[in-house]
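Asker: got a predicted structure here, sequence first:
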Amino acid sequence: MKHFKILLLAITLIAVCWLPVNAQEGHHHVSDDLALVSEDDLARAPVVPCPLCTRPTYEVTEWTDYYYYEEVDCIHKPHGTDMILRSNGTTYQRCHCGYSRVLSDEGYREKTECHGYY
């Protein structure tokens, strides 16, 4: 009887701890490609209802990998060149139900790799 009471107490504690957590989550399913969205991204995003499921959507900007754009004379050292690399960005409106649409083309961002020498 003592083991039964301990088992019943353990099950009750698990249920009490588990139910409030799942009630707050809302039992929604997040697809694999949206699972990497941070809570900070969701907090900063404007609240717009999803046209498919009416839950709030969020905006995310995706950038491509950097690619070679051009090579210019090095500005850091007397010889050699600098490589200008670019990455293109697109902003999407997304929802956890899988809805996604392009909002804007963010253009590009650049970075410079110094390949100069003395």
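Answerer: Arrived safely, thanks for sending.
Asker: okay, now the unreliable bits of the chain?
Answerer: 1-47 (pLDDT under 70).
Asker: which parts of it are strands?
Answerer: Per DSSP state E, the chain carries strands over the ranges 58-63, 67-73, 79-94, 100-117.
Asker: which stretch among those comes nearest residue 48?
Answerer: Proximity to residue 48 (C-beta to C-beta) singles out strand 79-94 among the strands of the chain, at 6.8 Å. (Each C-beta comes from the backbone N, C-alpha and C, glycine too.)
Asker: which other helices and strands contact the closest one?
Answerer: strand 58-63, strand 67-73, strand 100-117 (3 or more C-beta pairs under 8 Å, 6 or more residues apart in numbering; DSSP states H and E).
Asker: against residue 113, how distant is residue 67?
Answerer: 12 Å (C-beta to C-beta, to the nearest Å).
Asker: anything in contact with each of those two?
Answerer: residue 85 (C-beta atoms under 8 Å, 6 or more residues apart in numbering).
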